[in-house]
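Trainee: Everything below, folded, please.
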Amino acid sequence: MLNSLLFITFRWLDVIDILLVAIIMFQLYKLVKGTVAIRIFLGILAIYLFWKIVEALQMELLSEILGQFIGVGVLALIIVFQQEIRRFLLLIGNNSFFSGKRRSKFLKMLSPNENGKEQLNVNQIIIAAKNLANSKAGALIILDLKSELKYYSNTGENINASLSSAILESIFFKNSPLHDGGVIIENNTIVAARCILPVSENQEFPAHFGLRHRAAAGITEASRSIAIIISEENGKISLVKEGKINYNISIEELRDLIMLEVN
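Mentor: Prediction:
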């Protein structure tokens, strides 16, 4: 055993291999940190490291049992970590190489639907947000900037109306049957209202925020959308991106943050 260890070669490629694995594991840890999946992640990691140690020690029977467990466990991992895998792929897709102003013409050809999009009418959203905040009418407005929310828009009532502050205010009127849930806006169109949105599973999410804020965090974690929240209790405005809440912002700050995303 000792003699075999003395003849182990260590190449630069091995160093790169270890670094890449470390980076991937760290990114996966960041995705599951604060969620119930972190305990499952750590448990699977411990079993995998134990299997590698057993394999290196040439304990064939135990290595065979753990190897079969790991092999079957891949399918279970896909099911258990479905949301985390989705977020990980979105993290890769959100990379500046694939999105933003610097992406190549070839990548733009892969998403021709974005080229035909109209410039978002931010003024109508700002007017609606200001009036809803003044009247303390609770609201959850989702801006679908990348055409990713068709599944969630199908859970609500189809509107397909041109973006208008008056329509948004009427939807979130307290006695309106459509005021519950979220409104999804895409390409200057109010696509649907009363949409059912996924809530954030982040255990570190501030407890003083209600279900509306948690739903806004959840949908922005699962997609590249942004969410605008009007508090029903105090009329304060918040904007959520990638699960992070900018709480109690002014109308001017809301405009600047939206313009930063759409430009």
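Trainee: how's this structure carved up into domains?
Mentor: 2-93, 120-262 (automatic domain parsing).
Trainee: Do you know the pLDDT at the residue most central in space within the chain?
Mentor: The geometric centre of the chain, computed from its C-alpha atoms, lies nearest to E221 (C-alpha atoms, centre = their mean), at 1.9 Å. With respect to pLDDT, E221 has a value of 84.
Trainee: Am I right that it is in contact with G243?
Mentor: Yes: under the criterion of C-beta atoms under 8 Å, E221 makes contact with G243 at 4.2 Å. All C-beta spots, glycine's among them, are computed from the backbone N, C-alpha and C.
Trainee: about what we covered before: what's the most buried one of the domains of the chain?
Mentor: domain 120-262 (a mean of 18; mean count of other C-beta atoms under 10 Å).
Trainee: chain center to it: distance?
Mentor: 15 Å (C-alpha atoms, centre = their mean, to the nearest Å).
Trainee: can you give me the helices in the stretch 101-250 of the chain?
Mentor: 105-110, 122-134, 150-153, 165-171, 211-222 (DSSP state H, counting those that start in this stretch).
Trainee: Alpha carbons only: can I get the fourth one in PDB?
Mentor: The C-alpha atoms that make up helix 165-171 are tabulated as PDB, following Å, rounded to 0.1, in the frame of the first residue of the first chain:
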ATOM      1  CA  SER A 165     -51.900  51.700 -15.600                       C
ATOM      2  CA  ALA A 166     -55.700  51.800 -15.400                       C
ATOM      3  CA  ILE A 167     -56.000  48.000 -16.100                       C
ATOM      4  CA  LEU A 168     -53.300  47.200 -13.500                       C
ATOM      5  CA  GLU A 169     -55.100  49.400 -10.900                       C
ATOM      6  CA  SER A 170     -58.400  47.800 -11.600                       C
ATOM      7  CA  ILE A 171     -56.900  44.200 -11.300                       C
END
